[in-house]
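Engineer: sharing a sequence plus its predicted fold:
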Amino acid sequence: MGHEMRQAEPYHGWLIELVQEQAGYSFQCQHPGQTFAVSDERTYLTREQALTAARLRADLESVQLALRQFINGRLQLLLLSPAEQTALEASLAQCVKAVSDPTYQGYYYG
């Protein structure tokens with residue numbers, strides 16, 4: 001395994017860690033309130049491509065976290081069943097994963 005260089009920078013409350021690997025750059029995003037890091041597990045040719053992908057992923061994860069808090073808070077007043085709540089959270093996670101994929105063909109106004 002080759003030598004990796006790591007560089008971190010803050011972005012909208014997230015810490016984005018860019019990792020220079022032999023084949024290019026990858027990223028991990030860590031939010032202070034979370035115990036896990038997120039990544040798309042892809043390698044990008046340039047640092048700028050990896051940073052753009054990381055910022056998009058951090059933004060999408062922020063939306064997902066906010067919606068999950070809304071679902072667990074105020075939306076419970078709508079009396080969602082546990083199965084409906086789980087399905088809604090799974091749908092949000094699937095959406096974040098799909099939209100953060102560089103091959104996504106939907107609309108992005110970034």
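Structural biologist: All right, it came through fine.
Engineer: what segments of this structure are strands?
Structural biologist: Taking DSSP state E, the strands of the chain run over residues 5-11, 14-21, 24-30, 37-38.
Engineer: closest one to residue 53 among the ones you listed?
Structural biologist: Nearest to residue 53 among the strands of the chain is strand 24-30 (6.5 Å), distances taken as C-beta to C-beta. From N, CA and C alone the C-beta is placed, and that goes for glycine too.
Engineer: other residues contacting the closest one?
Structural biologist: Outside strand 24-30, the residues that touch it by C-beta atoms under 8 Å, 6 or more residues apart in numbering are 11, 14-19, 36-47, 49-51, 53-54, 57-58, 61.
Engineer: hang on, the earlier thing: make JSON lines from the strands of the chain and add mean pLDDT, distance to residue 65 and mean neighbour count to it.
Structural biologist: Below are the strands of the chain laid out as JSON lines (pLDDT from 0 to 100; distance: least, C-beta to C-beta, whole Å; neighbours: other C-beta atoms under 10 Å):
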{"stretch": "strand 5-11", "mean pLDDT": "89", "distance to residue 65": "15", "mean neighbour count": "11"}
{"stretch": "strand 14-21", "mean pLDDT": "95", "distance to residue 65": "10", "mean neighbour count": "18"}
{"stretch": "strand 24-30", "mean pLDDT": "95", "distance to residue 65": "12", "mean neighbour count": "21"}
{"stretch": "strand 37-38", "mean pLDDT": "91", "distance to residue 65": "11", "mean neighbour count": "18"}
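Engineer: mind putting those strands in TSV, distance to residue 100 included?
Structural biologist: Output for those, formatted as TSV (distance: least, C-beta to C-beta, whole Å):
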stretch	distance to residue 100
strand 5-11	14
strand 14-21	13
strand 24-30	10
strand 37-38	9
